[in-house]
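Novice: model the following, please.
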Amino acid sequence: MARFRDMSTRARRILSATGWIVALNFVAFFVVAAYLGGDALNGHIENGHYYVCWRGGCHEVSNTIWNYSWWHAISTYAGILILAAEIGYFIRKGDIVLDFTSRT
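Specialist: Got it, this is the predicted structure:
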């Protein structure tokens, strides 16, 4: 498995800021989903009724709450993808140097 051998100050600052934002958004998503009893990505719409689902149980919510939950879930996954893209960019530009030597 590759490890970061070296990282520029620029990469460290940007990845640190993005990482905190993504982590806080993920925690907020988890807390809200737990409070609502689920999220819209696992939920569904049926006959004009909106349901959020989690762990096999579903709860009916308003259209507004369902849309909020859907967009929050999308932003959570998008944040993770953006963080991965930033890492890839910094590796490509040489701001992050990988170490592939095995350590046992």
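Novice: for residue 101, helix, strand, or coil?
Specialist: Of the three states, residue 101 takes coil under DSSP: H, G, I helix; E, B strand; the rest coil.
Novice: any idea how many residues pack against it?
Specialist: 7 (other CB atoms under 10 Å). For glycine as for every other residue, the C-beta is placed from the backbone atoms N, C-alpha and C.
Novice: try residue 4
Specialist: Residue 4 has 15 neighbours, counted by other CB under 10 Å.
Novice: longest single helix anywhere in the chain?
Specialist: Determined from DSSP state H, the single longest helix within the chain is helix 63-93.
Novice: now that one: average pLDDT?
Specialist: The pLDDT scores in helix 63-93 average 96.
Novice: just checking, what packs against it?
Specialist: Secondary-structure packing of helix 63-93 (3 or more CB pairs under 8 Å, 6 or more residues apart in numbering; DSSP states H and E): helix 9-36, strand 39-46, strand 49-54, strand 96-99.
Novice: closest one to residue 66 among these?
Specialist: Residue 66 lies closest to strand 49-54 among these, at 3.7 Å (CB to CB).
Novice: now the closest one: buried residues?
Specialist: 50-53 (16 or more other CB atoms under 10 Å).
Novice: any chance of those residues in CSV, plus distance to residue 82 and pLDDT?
Specialist: Shown next, in CSV, are the buried residues of strand 49-54 (distance: CB to CB, whole Å; pLDDT from 0 to 100):
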residue, distance to residue 82, pLDDT
50, 28, 97
51, 29, 96
52, 25, 97
53, 26, 96
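Novice: what is the nearest of the residues you listed to residue 26?
Specialist: Taking those together and measuring to residue 26 by CB to CB, the closest member is residue 52, at 17.1 Å.
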